[in-house]
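Student: Return atomic coordinates for the entry below.
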Amino acid sequence: MSAPLLSIRDLSVRTCADRAILEQISFDVPSSSIVGIVGGSGSGKTTLGLSLLRLLPGTMRMSAGSLFFEGEDLSGWSSAQMRNSRGRRIAMVFQEPLSAMDPVWTVGEQITETLRVHDGLRGKELRARVLGLLERVRIADVERVFRSYPHELSGGLRQRAMIAQAIACRPSLLVADEPTSSLDVTIQAHIMQLFRDLRRETGLSILLISHDLGVVRHLADRVVVLKGGRVVEQGDRAQVLSVPRAAYTRDLISAEGLA
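Tutor: Just a heads-up that it's a prediction; the model follows:
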């Protein structure tokens with residue numbers, strides 16, 4: 001059996017006031033897989049995602065544990081190593097693209113900068129690569145979106161543009177934090193299909209953080225359930241969402257009307 005792409009062992013995160021946010025989180029993300037992270041508000045889902053990219057706010061710190069990514073312990077990487085790997089090896093799609101994207105740069109400029117920094121592309125080759133990425137995420141009018149500022153686009157187009165930026169340098173792992181939470185049902189379906197296509201076409205692994213068990217049920221291979229910063233259950237999607245062992249998981253499923 002091949003080693004997992006990402007292996008999290010006993011990850012703990014605490015505030016500067018020593019309050020526990022995450023406690024001894026352990027699970028694996030296999031290569032070319034989608035792992036869903038679910039739980040109620042305040043369960044630690046977003047903090048987990050930010051921990052992987054070392055983007056925790058200044059009021060929090062990783063207090064224990066290890067994060068093995070492609071065989072390397074990234075918890076010991078320097079700030080320079082982490083900066084070089086963000087976007088290139090691990091990328092993130094944030095919950096609200098309007099606040100995550102730079103409002104004073106066009107979409108094209110933002111994706112262009114990512115490729116210029118990490119891949120060293122220039123000129124016509126760079127522009128063609130960006131337009132190709134926008135086409136890949138199923139954007140029809142790529143020239144208009146390339147020239148547009150984030151606030152000029154619909155929520156669905158902004159989300160696709162942010163995904164295009166995230167996959168620009170062909171990362172191995174995409175951390176997607178509530179990628180469909182603010183979208184209507186039709187656009188949600190398009191984003192879910194896009195994730196399936198990316199996994200099939202590129203071998204991309206996705207850590208899917210979501211409160212929406214319906215989305216997780218349609219996308220994830222495995223599911224990890226968080227409550228109060230701890231893992232209460234994990235396993236194959238069918239096992240966790242169809243025959244859950246933990247009472248908390250059963251409560252989540254019942255609340256979503258999926259029982």
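
Student: Point out where the protein drops to low pLDDT.
Tutor: 1, 119-121, 257-259 (pLDDT under 70).

Student: could you show me where the strands are in it, in order?
Tutor: 6-15, 20-29, 34-38, 60-69, 72-73, 90-93, 173-177, 205-209, 222-227, 230-236 (DSSP state E).

Student: could these be laid out in JSON lines, adding mean neighbour count?
Tutor: C-beta coordinates here come from the backbone N, C-alpha and C atoms, glycine included. Shown next, in JSON lines, are the strands of the chain (neighbours: other CB atoms under 10 Å):
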{"stretch": "strand 6-15", "mean neighbour count": "19"}
{"stretch": "strand 20-29", "mean neighbour count": "19"}
{"stretch": "strand 34-38", "mean neighbour count": "27"}
{"stretch": "strand 60-69", "mean neighbour count": "17"}
{"stretch": "strand 72-73", "mean neighbour count": "12"}
{"stretch": "strand 90-93", "mean neighbour count": "24"}
{"stretch": "strand 173-177", "mean neighbour count": "24"}
{"stretch": "strand 205-209", "mean neighbour count": "26"}
{"stretch": "strand 222-227", "mean neighbour count": "24"}
{"stretch": "strand 230-236", "mean neighbour count": "18"}
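
Student: Could you check how far the closest residue to residue 188 other than its chain neighbours is from residue 110?
Tutor: Among residues not flanking residue 188 along the chain, residue 180 sits closest, at 4.2 Å (CB to CB, 6 or more residues apart in numbering). Counting by CB to CB, to the nearest Å, the gap between residue 180 and residue 110 amounts to 21 Å.

Student: Settle it for me: which of these two has more neighbours?
Tutor: residue 180 (24 against 19; other CB atoms under 10 Å).

Student: Pretty sure that one sits against residue 192.
Tutor: Yes - between residue 180 and residue 192 a contact is recorded at 7.0 Å, counting by CB atoms under 8 Å.

Student: Find residues that contact each of the two.
Tutor: residue 215 (CB atoms under 8 Å, 6 or more residues apart in numbering).

Student: In contact with the residue nearest to residue 232 when sequence neighbours are not counted, which residues?
Tutor: Nearest residue to residue 232, sequence neighbours excluded (CB to CB, 6+ apart): residue 246, at 4.6 Å. Residues near residue 246 by CB under 8 Å, 6+ apart: 225, 232-233.

Student: How about residue 164?
Tutor: Applying CB under 8 Å, 6+ apart, one finds that residue 164 lies in contact with 111, 130, 133-134, 136-137, 139.

Student: Now flag whichever of those residues is closest to residue 93.
Tutor: Nearest to residue 93 out of the contacts of residue 164 is residue 137 (CB to CB; 10.8 Å).

Student: separation between the closest one and residue 195?
Tutor: 10 Å.

Student: so which of the strands of the chain gets nearest residue 83?
Tutor: The closest of these to residue 83 is strand 90-93. By CB to CB, the value is 11.5 Å.
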